[in-house]
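Visitor: Just to be clear, the model below is a prediction. Sequence and coordinates:
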Amino acid sequence: MNQYLEINPEVRQALAANKPVVALESTIISHGMPYPKNLETAVQVSQTVRDNGAVPATIAIINGKLKAGLTKSEIELLAKEGPKVLKTSRRDMPYVVSKNLNGATTVAATMIIAQMAGIKIFATGGIGGVHRGAQETFDISADLQELAHTNVAVICAGAKAILDLNLTLEYLETQGVPVLGYQTEELPAFYTQKSGLKVDYRLDSPQEIANFLKSKWGLNLKGGVVVANPVPEIYQMDYGLITKTIEAALLEAAKLGVKGKDSTPFLLEKIANLTKGESLETNIKLVLNNAALAAKIAVAMYS
């Protein structure tokens, strides 16, 4: 695996010394928001992980190499190149590697590389899931399959609100993936704390979550865990407003025939435009909130 994987020296040292490390994905840098906001956010997220006692490991593919821990210049490269960088999930990894390209890793691809490197905790904004209308389109994110068999815990603000959250929970249940609510019994819906849906279990401290993870993997039960961390109340959006906005964005995507891997970036950008940037600010706040919790869980895992 060494011919494909490069672990940043700081990350390698932390792992060798059994110190807490948090994986961070890179699709949010290249495809999640415009430059320079994406670069500022990436730097902030890494600093938030450090401030809470863990080492950040931003994950991507650079010149065909799987990277666990990017340098500042590599993060800048992804931020400046933006959507020109290939959005890379599990199926895309061999292509990006064989062609020596740059790839911004999705939740699924980040989990794969994190597991290769030995990183157990991963912070992101929201996971992918079952898309609305999947009964006809079969549009289901590869993130869910990855969660079924890759031993990485994903700290997120639930699944992205543009998805069918009920079907996403059903799919995760079928795959045996636990959905934990951090200090909540309700699944957060990315931009808001409420969805009307229940998580599997409520756990109220990073230590409880760390104990859960140790038990799951100690029992040799393969697969990931979703840790649903609601966006702080002061930053959440109005539920009625964001629901209408998402519906308008979905109609526009259907009209333009936007599908597959292009749909999420398109919808998030459309929602940001319709909310005059408010949804983007909420997105940034929830990612920072997830990074802080992920670091605390990682610290608890190794204490």
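Guide: Sure, I can see it.
Visitor: in stretch 38-53, what's buried?
Guide: 38-39, 41-42, 45-46, 48-49, 52-53 (16 or more other CB atoms under 10 Å). Every C-beta, even on glycine, is put in place using the N, C-alpha and C of the backbone.
Visitor: distance between it and the chain's centre?
Guide: Distance of stretch 38-53 from its chain centroid, counting by CA atoms, centre = their mean, to the nearest Å, is 15 Å.
Visitor: and what of stretch 275-290?
Guide: 14 Å.
Visitor: could you give me the average pLDDT of it?
Guide: Mean pLDDT, computed over stretch 275-290, is 94.
Visitor: helices or strands next to the longest strand along the chain in the packing?
Guide: Counting residues, the longest strand in the chain under DSSP state E turns out to be strand 55-62. On a contact count with 3 or more CB pairs under 8 Å, 6 or more residues apart in numbering; DSSP states H and E, strand 55-62 meets helix 9-16, strand 21-24, helix 37-51, strand 65-68, helix 72-81, helix 93-98, strand 103-105, helix 107-117.
Visitor: and the longest one with helix 72-81, angle?
Guide: Meaning helix 37-51. With axes from the mean of the first three to the mean of the last three CA atoms, to 10 degrees applied, the angle from helix 37-51 to helix 72-81 works out at 150 degrees.
Visitor: who touches helix 37-51?
Guide: Judged by CB atoms under 8 Å, 6 or more residues apart in numbering, the contacts made with helix 37-51 from elsewhere in the structure are 22, 24, 28-30, 32-33, 55-56, 58, 72, 75-76, 78-80, 82, 123, 280, 284, 287-288, 291-292, 294-295.
Visitor: Over to the first one?
Guide: With CB under 8 Å, 6+ apart as the test, helix 9-16 has contacts from 7, 19-21, 55, 57, 68-69, 117-119.
Visitor: in that helix, what counts as buried?
Guide: Under the neighbour-count rule (16+ other CB under 10 Å), helix 9-16 has 11-12, 14-15 buried.
Visitor: Include pLDDT when you put those into TSV, please.
Guide: Written out in TSV, the entries for the buried residues of helix 9-16 read as follows (pLDDT from 0 to 100):
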residue	pLDDT
Val11	98
Arg12	98
Ala14	98
Leu15	97
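Visitor: Can you name the two of those that sit furthest apart?
Guide: When CB to CB is used, the two most widely separated members of those are Arg12 and Ala14, lying 7.4 Å apart.
Visitor: Now restrict the contacts of helix 37-51 to buried residues only.
Guide: For the contacts of helix 37-51, a neighbour count by 16+ other CB under 10 Å gives the buried set as 22, 24, 28-30, 32-33, 55-56, 58, 75-76, 78-79, 82, 123, 280, 284, 287-288, 291-292, 294-295.
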